[in-house]
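*Asks:* compute the structure for the input listed below.
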Amino acid sequence: MKSLLSSRPVLWFLFLFNLVVAAVAPFVVDGAQGVLTAVGMGVVSLGAGVSLLRGRATGIG
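*Replies:* Below you'll find the predicted structure:
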């Protein structure tokens, strides 16, 4: 499972999908639930983005 989650296509999907959901969630879902959804998805997107940059810096993938 770890090798699947650390593959570049999966990381790109996680980064882009969660970034889009984080940007749209406050407008679609009202109140605190929308804000918390945006924050949670933003954290996942940020983690995937950092993993992409870390892999690029070390030349893996």
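*Asks:* from what I can see L52 touches F15, true?
*Replies:* Yes - the pair L52 / F15 is scored as a contact, 6.3 Å apart, by Cβ atoms under 8 Å. The way it works is simple: take the backbone N, C-alpha and C, and place the C-beta from them, glycine included.
*Asks:* which one's more surrounded, these two?
*Replies:* Shown here are L52 and F15; by other Cβ atoms under 10 Å, F15 has more neighbours (19 against 16).
*Asks:* might you report the residue contacts of the more buried one?
*Replies:* Residues near F15 by Cβ atoms under 8 Å, 6 or more residues apart in numbering: S45, A48, G49, L52.
*Asks:* immediately after the helix or strand encompassing it, which helix or strand?
*Replies:* Element membership for F15 (DSSP states H and E) is helix 8-28. Once helix 8-28 ends, the next helix or strand along the chain (criterion: DSSP H and E) is helix 31-58.
*Asks:* which helices and strands sit right next to that following helix?
*Replies:* On a contact count with 3 or more Cβ pairs under 8 Å, 6 or more residues apart in numbering; DSSP states H and E, helix 31-58 meets helix 8-28.
*Asks:* got the angle between the helix it packs on and helix 31-58?
*Replies:* Orientation check (axes from the mean of the first three to the mean of the last three Cα atoms, to 10 degrees): helix 8-28 against helix 31-58 gives 160 degrees.
*Asks:* could you list the low-pLDDT ranges of this protein?
*Replies:* Within the chain, the ranges that satisfy pLDDT under 70 run 57-61.
*Asks:* residue closest to the middle of it?
*Replies:* S45 (1.8 Å; Cα atoms, centre = their mean).
*Asks:* pretty sure that one contacts W12?
*Replies:* No - counting by Cβ under 8 Å, S45 stays clear of W12, with 10.9 Å between them.
*Asks:* close enough to count as contact, G42 and V24?
*Replies:* No - using Cβ under 8 Å, G42 makes no contact with V24, being 11.6 Å away.
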